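K.L.:
Next one to model:
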Amino acid sequence: MKCYDRANGFGQVGCRFASSDESTPNRQQILITLMKKITLFAAVLLAMAGCKDATEELQPQPVSTGSYLIYTTLPTLKFDQLELKVNGTMVGRLTAPFVASGHREVPESSMSNTVLRIERPQGSYTLDAVAILKGQKTVAWSTPLRFETAKIKRSNLQAE
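P.N.:
Below is the predicted model:
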């Protein structure tokens, strides 16, 4: 129903019933509205899927690591420091030999002056070590290391 508060062209004020074309949307309008909603829904869905993939890429993947405990039983008369490198990169120094007394095993501590714990991703590496006494190289080692997931291995650097 459509109402007029002013006089129409014939001088009448009042209401009249609207034709079906004016009050209800036609099929074409309904179809266009439906297509707009479907397109909007698809765009939002794709945007959400794209964000999910991006956040998954940003999360770090767990790395499988292994450990080595490096120590020496070399007497202190032969070194005052032992420099350790893995694949050419310095990883630490030992300044005293590990002395086993009684039932004492090599501790699994992360670092001390007698034992160095090295953690690396699973794989093969090269350990290079140099014993130094008063600035002079006394003994050198180069040995392969194989790091395995969740395993702690030990390596004693001894004089040859």
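K.L.:
what's around the closest residue to S67 other than its chain neighbours, how many residues?
P.N.:
Closest residue to S67 apart from its sequence neighbours, by CB to CB, 6 or more residues apart in numbering: I152 at 4.5 Å. Quick note: C-beta positions are derived from backbone N, CA and C, even for glycine. For I152, the count of nearby residues is 13 (other CB atoms under 10 Å).
K.L.:
Also K85?
P.N.:
Counted with other CB under 10 Å, K85 comes out at 15.
K.L.:
I'd assumed it was in a strand, is it?
P.N.:
Yes. Looking at K85 with DSSP: H, G, I helix; E, B strand; the rest coil, it is inside a strand.
K.L.:
Pull up the gap between it and S155, please.
P.N.:
Using CB to CB, to the nearest Å, we find K85 at a distance of 14 Å from S155.
K.L.:
Which residues are in contact with each of the two?
P.N.:
Residues touching both K85 and S155 (CB atoms under 8 Å, 6 or more residues apart in numbering) are L127.
K.L.:
Show me how far stretch 73-86 is from its chain's centre.
P.N.:
35 Å (CA atoms, centre = their mean, to the nearest Å).
K.L.:
circling back: now do the same contact list for the residue nearest to S67.
P.N.:
66-69, 108, 117.
K.L.:
I118 is in contact with G92, correct?
P.N.:
Yes. Using CB atoms under 8 Å, G92 is in contact with I118, at 7.5 Å.
K.L.:
So these two - more neighbours on which side?
P.N.:
Shown here are G92 and I118; by other CB under 10 Å, I118 has more neighbours (21 against 15).
K.L.:
element containing the closest residue to the more buried one other than its chain neighbours?
P.N.:
Leaving aside its chain neighbours, I118 sits nearest to Y68 (4.9 Å; criterion: CB to CB, 6+ apart). Assigned by DSSP states H and E, Y68 belongs to strand 65-72.
K.L.:
That strand: partners in the sheet, and parallel or antiparallel?
P.N.:
Here strand 65-72 has these sheet partners by DSSP bridges: strand 115-121 (antiparallel), strand 152-157 (parallel).
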